[in-house]
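[1] Output the structure for:
(chains A, B and C)
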Amino acid sequence: MRFGIVLFPGSNCEMDCQYVLKEVFSEEVDMLWHKEQRISGYDAIVLPGGFSYGDYLRTGAIARFSPIMKAVEEFADAGGLVLGICNGFQILCEAGLLPGALMRNWSLHFICKYIYIRVENERTAFTNACSPGQALHVPINHNEGCYYADQETLRDLNERGQVLFRYCGPGGEVSEGYNPNGSTENIAGIMNRAGNVMGMMPHPERACEMLLGSEDGRRIFSSVIRRWKGKD
Amino acid sequence: MPREPEVTVALAQEHGLTEEEFERIKAILGRSPNFTELGIFAVMWSEHCSYKSSKVHLKRLPTKGKAILQGPGENAGVVDVGDGLAVVFKIESHNHPSYIEPYQGAATGVGGIIRDIFTMGARPIASLNSLRFGPLKEPKNRYLLSGVVSGISGYGNAVGVPTVGGEVFFSETYRGNPLVNVFSLGIAPRDKIFLGRAAGLNNPVIYVGSKTGRDGIHGVTMASEEFGSGGEERRPTVQVGDPFTEKVLIEACLELMATDYLVGIQDMGGAGLTCSSCEMASRGGVGIEIDLAKIPRREEGMIPYELMLSESQERMLLVARAGTEGKVLEIFKKWDLDAAIVGKVTEDGFLRVKEGRRVVAKIPAKSLAEEAPVYDRPMKEPAYVRELQEMDLETLPIPFDMEEIVLCLLRSPNIARKSMVWEQYDHMLFLNTVVLPGSDAAVLRLKGTNRGIALSLDGNGRYCYLDPRMGGMIAVAEAARNVVCSGGRPLAITNCLNFGNPEHPDIMWQFAEVVEGMAEACRLFEVPVTGGNVSFYNETSGRAIFPTPCIGMVGLLEDISHHRVQWFQQEGDLIFLLGESQEELGGSEFLKVAHALEGGRPPQLDLCREKAVQNACLDAIRKGILKSAHDCSDGGLAVALAEACMTHPERNWGIEVELKDDMRTDALLFGESQSRIVVSLPEARIEHLMEIACQFGVKATLLGRVKGDRFRIKGWSFSLDMDPKKMRQAYEQAIPSYFR
Amino acid sequence: MLSVKVMVTLKSGVLDPQGKTVRNALESLGFKGLADLRIGKIMDIKMDGVSPAEARLQVEEMCRKLLANPVIEDYRYEIQEA
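    Model (predicted):
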């Protein structure tokens, strides 16, 4: 499987995504410079975490106009798999490829810590390697992780199973006490209506080796690989 | 063009130069300097840039060793870590700007130290920081802490370098003079290190990065003065950092460094263009000619003085091989960075500054970078030292309620959990952090190898106030001990020395003594100094801070699986103490918290015993005997045991411990005797531990066991029986409670 | 030369924790009667060589495309001779 990781000025998690896909999953990976106008020969595109354009104006607001984003949109329209992690999620929302917006954490502080997310829908390209309602131990790392969508959008997301993850406790309990940033309905990750574009605030690539604290992040990448191989 | 002021002795003195220094400048030039030249000399001969008061003492620090590839004198130190890799690291202070504008002061401090790392060709992979403020109960200090932490977080996270550890302390002594010491470390192939030196006649000198404005003019001279009461009006001199530009600069420079176009490169930090150009010329034994008309500017009407002294951030100066200019500029263009050819290398050893065709400054580069005056300032042991050391601690009443004291210590901001701080830093980027913040040292793996590095920042101002020489020794010992407890062998250090006004003999005495103590410890541990920073003039209205060295220790793990954390791992494991407790209350956190006293002698360090204890611990870790290791420091043995029970990320431990020592209970529980490590191991390995202890001549005492859900310590005349959940709550809520 | 002032504010109904924090701070400094406080952004733009009508069209598009996020923000602007 061939992954393309988009590199914007200010991205910083692209090397980590590449490392995990190559070393842990032995997949082919290329970096795609944000000024490229074409994407071809890729099975999945990753928009990694970081601070594209310093998060200036609004996080992801400027990156969404990078030349490569047109190609990413076309790739998504044609059914290609797109994973947006953290800043990637923010860029996908600004670009309109995912609904809603990411705002400043309620605490007004940056948060880097390990939390739990519950798998809300395990029948997707991104979660088919998870069991229903499974609690994944993964880290968050953000200043603008508070997911917001209006009532109508939320209803749609819920009815169509587009909510992938919600912040929860170690046993899978979703409650306000486990919401680290004020996200509506504890939403930590969603996908589009067609089910091929996803965005999540936590960093699965940081939880792929026990040496670093958790392997739960692997399941997201495994799911994508399984879906591509037709084995999910 | 505004008319430049006439250069007089008075103007020189306003710039921080003495009359004698002014005469010296005239002798070097053979004439009076013009305004621009005066500014250049003043900044290069300031304390911050020239180390004129500290050089004679810093010479005593050992700087050589087998693994040392680059010692002091360059932008950062370089140490060989095997497998063809080198680590590049340094620590710097940004104290005065952080008092004036905490967010930007701290942010630009982070930016500056990171530039010192990647200018050597190393990708920065970790930062740490040591912060000190006045008491948290005062609103101003909470404001400073919040601002500084936000600044480090805002800049460090956005620039893409994880902040993996550090320390935070609070004391009246830092009221008005907070300390912000920032450390950074990068990785490079050992044979691809870049130096800050110019070479090759007519090679182009290229400027890259942010446009030059009027930021920070006189920033460096500000660091060389005390604060009077006019601190509030100094706002305009603080620079604003742009982490996005710095991130782009890192990527562009590393891309450039993968080619062979580059001859030398240096960042423009303190004293901006002046410092980078004259230092590169001086180190290369050549001259540099700069044409100010080519410098990218963001303000109008800037005069040569301003262009040379501006401390606008995120700028680099480099020398490229003649003929490669085009390719160099192309790389910067790809990353949308401003870059321009601004000069060339010459042979005459002068820093020649032109504006178009007019020469506006001409100074021998060496006179600026290497021939600043060196002072051996008078030193005098102050009277307070003897008085405080002789404070009678023996007649102090032993507290009745030891459990209450334990809780008070756990709540003391100097001991309480600092997760409120480190959770604002990205500490996981790059997938290297094997031991996260919250343990004795940060441990990072070195990808592509089986090894790892351990990093710790340590320094106790109180000990150094009471006995500077002993304090200096302990600072190095403690940093080494923290690294050892995490499984690393101490390799080398960088240091930041924070002191008061060196023109006062008592401060100069403190400095000399601390450096002497550090030198002794570095020699015995065979841990050379690769460079560092001196921050003087940390005084307000004549009152100086406690002499505060901050040691940045780098250690090596031959096998990353040797990493250890400070908390217990398993029910049933035995708890041992390596080392010996003495009856020593002097300089302890307990003395301050329970009796509001800072006196007595600091705990006495026996360097040989310390080394033996560290070697025994490291050996036991490497042989897989120890499950955890935690050194005794602030709060003594009781706090070390409490921390080992309470800092496991997912649970609490209980312990059943018996202490057989015959001494005052408070000294036994809370005294800060050195060279002690609390370790845990499975029962089956006791004999192995005892063998190692015997081999190294180290005392190993069985304290008890990890067991149950109560924190129990029994002694001759006391018995503690506490609830670890309650202890953890006190420990974790203490600092957040100040902010509600 | 035209002087353009663009004001971007959070849509009503969207929570503004920064605004709330600042309001609390003002209240603890003794200011009274603060019914609400919301924080927005101002962009000062100088435009040259365009007529006011052209400027209006451009600014409108700049706001829609980049300067404001229509999911959570509203915008308004003023155009004057500099």
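[2] which residue sits closest to the one residue in the stretch 351-500 of chain B that gets nearest to chain C, ignoring its sequence neighbours?
    Among the residues of the stretch 351-500 of chain B, B:Gln424 lies closest to chain C, at 15.9 Å counting by CB to the nearest CB. C-beta: built from backbone N, CA, C; applies to glycine. Closest residue in space to B:Gln424, ignoring its immediate chain neighbours: B:Ser153 at 4.1 Å, by CB to CB, 6 or more residues apart in numbering or on different chains.
[3] The residue in the stretch 601-740 of chain B that chain A sits nearest to: how many residues sit nearby?
    Evaluated by CB to the nearest CB, the stretch 601-740 of chain B has B:Pro649 as its residue closest to chain A, separated by 7.6 Å. Applying other CB atoms under 10 Å in any protein chain shown, we find 11 residues neighbouring B:Pro649.
[4] give me phi/psi at it?
    Backbone geometry at B:Pro649, expressed as degrees, to the nearest 10, gives phi -60, psi -30.
[5] residues of the lowest-mean-pLDDT helix or strand in chain C that come out buried?
    In chain C, the helix or strand scored least confidently by mean pLDDT, DSSP states H and E is helix C:17-28, which has a mean of 84. By neighbour count on 16 or more other CB atoms under 10 Å in any protein chain shown, the buried set for helix C:17-28 is C:Pro17, C:Gln18, C:Lys20, C:Arg23.
[6] How far does it sit from its chain's centre?
    The chain centroid and the centroid of helix C:17-28 are separated by 19 Å under CA atoms, centre = their mean, to the nearest Å.
[7] Does chain A have contacts with it?
    Yes: counting by CB under 8 Å from any CB of the partner chain, chain A has neighbours in helix C:17-28: C:Pro17, C:Gln18, C:Thr21.
[8] from those residues, which is closest to chain A?
    The nearest one, if we look at those relative to chain A and count by CB to the nearest CB, is C:Pro17, at 5.0 Å.
[9] SS state for the closest residue to chain A within chain B?
    Evaluated by CB to the nearest CB, chain B has B:Phe244 as its residue closest to chain A, separated by 2.8 Å. State at B:Phe244, reduced to three classes by DSSP: H, G, I helix; E, B strand; the rest coil: helix.
[10] any idea how far the residue of chain C found nearest chain B is from chain A?
    Nearest to chain B, among the residues of chain C, is C:Ser28, at 10.7 Å (CB to the nearest CB). According to CB to the nearest CB, to the nearest Å, C:Ser28 stands 16 Å off from chain A.
[11] burial of residue 39, as a residue count?
    I'll assume chain A. A count of nearby residues for A:Ile39, using other CB under 10 Å, gives 18.
[12] wrong one, chain C
    If we define neighbours as other CB under 10 Å, then C:Ile39 has 14 of them.
[13] Am I right that it is in contact with C:Gln18?
    Yes: assessed by CB atoms under 8 Å, C:Ile39 is found in contact with C:Gln18 at 5.1 Å.
[14] so what's whatever residue of chain C ends up closest to chain A up against?
    Closest residue of chain C to chain A, CB to the nearest CB: C:Val71 (4.3 Å). If a contact means CB atoms under 8 Å, 6 or more residues apart in numbering or on different chains, then C:Val71 has A:Cys93, A:Gly100, A:Ala101, A:Tyr148, A:Ala149, A:Asp150 as its contacts.
[15] Looking at these, which are in helices?
    Among the contacts of C:Val71, DSSP state H puts A:Cys93 in helices.
[16] Including neighbour count, could the contacts of C:Val71 go into CSV?
    Below are the contacts of C:Val71 laid out as CSV (neighbours: other CB atoms under 10 Å in any protein chain shown):
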residue, neighbour count
A:Cys93, 26
A:Gly100, 22
A:Ala101, 23
A:Tyr148, 20
A:Ala149, 22
A:Asp150, 16
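[17] Would you map the helices across chain C?
    C:17-28, C:52-62.
[18] With B:Pro603 as the reference, name the closest of those.
    With CB to CB as the criterion, B:Pro603 lies closest to helix C:17-28 of the helices of chain C, at 43.4 Å.
[19] pLDDT averaged over stretch B:51-70, what's the number?
    Average pLDDT, stretch B:51-70: 97.
[20] for it, which positions count as buried?
    Buried residues in stretch B:51-70 (16+ other CB under 10 Å): B:51-54, B:57-58, B:61-63, B:65, B:67-70.
[21] now the end-to-end length of that stretch.
    Stretch B:51-70 has its terminal residues 19 Å apart, counting by CA to CA, to the nearest Å.
[22] To what extent is the one residue in the stretch 51-200 of chain B that gets nearest to chain C buried, counted in neighbours?
    Here the residue of the stretch 51-200 of chain B nearest chain C is B:Pro139; by CB to the nearest CB that distance is 10.7 Å. By other CB under 10 Å, 9 other residues sit near B:Pro139.
[23] what pLDDT does it get?
    For B:Pro139, pLDDT reads 94.
[24] Tell me where the model's unsure across chain A.
    For chain A, applying pLDDT under 70 flags no range at all.
[25] Pick the one among the buried residues of helix C:17-28 closest to C:Asp44.
    C:Gln18 (21.1 Å).
[26] contacting residues around the closest one?
    Counting by CB under 8 Å, 6+ apart, C:Gln18 touches A:Arg104, A:Leu108, C:Ile39.
[27] Chain C contacts on chain A?
    Residues of chain A lying close to chain C by CB under 8 Å from any CB are A:57-58, A:61-62, A:65, A:93-94, A:100-101, A:103-104, A:106-108, A:148-150, A:182.
[28] interface residues of chain C facing chain A?
    With CB under 8 Å from any CB as the criterion, chain C meets chain A at residues C:Val14, C:Leu15, C:Pro17, C:Gln18, C:Thr21, C:Lys65, C:Leu66, C:Leu67, C:Asn69, C:Val71, C:Ile72.
[29] In CSV, list those residues along with distance to B:Leu329.
    What follows is the residues of chain C next to chain A, written out as CSV (distance: CB to CB, whole Å):
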residue, distance to B:Leu329
C:Val14, 45
C:Leu15, 47
C:Pro17, 45
C:Gln18, 41
C:Thr21, 46
C:Lys65, 31
C:Leu66, 29
C:Leu67, 32
C:Asn69, 36
C:Val71, 40
C:Ile72, 41
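[30] Which two among those residues are spaced furthest apart?
    C:Thr21 and C:Lys65 (30.4 Å).
[31] Grab the nearest non-local neighbour of whichever residue of chain A sits closest to chain B.
    Proximity of chain A to chain B (CB to the nearest CB) peaks at A:Gly54, 2.8 Å away. Nearest non-adjacent residue to A:Gly54, counting by CB to CB, 6+ apart: B:Phe244, 2.8 Å away.
[32] so that neighbour sits right up against A:Phe51, yeah?
    Yes: contact status for B:Phe244 versus A:Phe51: in contact at 6.7 Å, counting by CB under 8 Å.
[33] Low-confidence regions, chain B specifically.
    Along chain B, the parts satisfying pLDDT under 70 run over B:1-3, B:218-238.
[34] For the most centrally placed residue in it, which residues are in contact?
    Most central in chain B under CA atoms, centre = their mean is B:Ile91, positioned 4.1 Å from the mean C-alpha point. With contact taken as CB under 8 Å, 6+ apart, B:Ile91 is in contact with B:Ile113, B:Asn181, B:Val182, B:Phe183, B:Leu457, B:Thr494, B:Asn495, B:Cys496, B:Gly532, B:Asn533, B:Cys550, B:Gly552.
[35] part of a strand, is it?
    Yes: secondary structure assignment places B:Ile91 in a strand (three-state DSSP).
[36] Counting by contacts, list what the host helix or strand of B:Tyr384 packs against.
    B:Tyr384 is part of helix B:383-389, with elements assigned from DSSP states H and E. Helix B:383-389 sits against helix B:461-466, with contacts defined as 3 or more CB pairs under 8 Å, 6 or more residues apart in numbering or on different chains; DSSP states H and E.
[37] Name all residues that make contact with B:Gly82.
    B:Gly82 makes contacts with B:Thr449, B:Arg451, B:Leu556, as judged by CB under 8 Å, 6+ apart.
[38] ranking these by neighbours, who comes first?
    Greatest neighbour count in the contacts of B:Gly82, by other CB under 10 Å, goes to B:Leu556: 22 neighbours.
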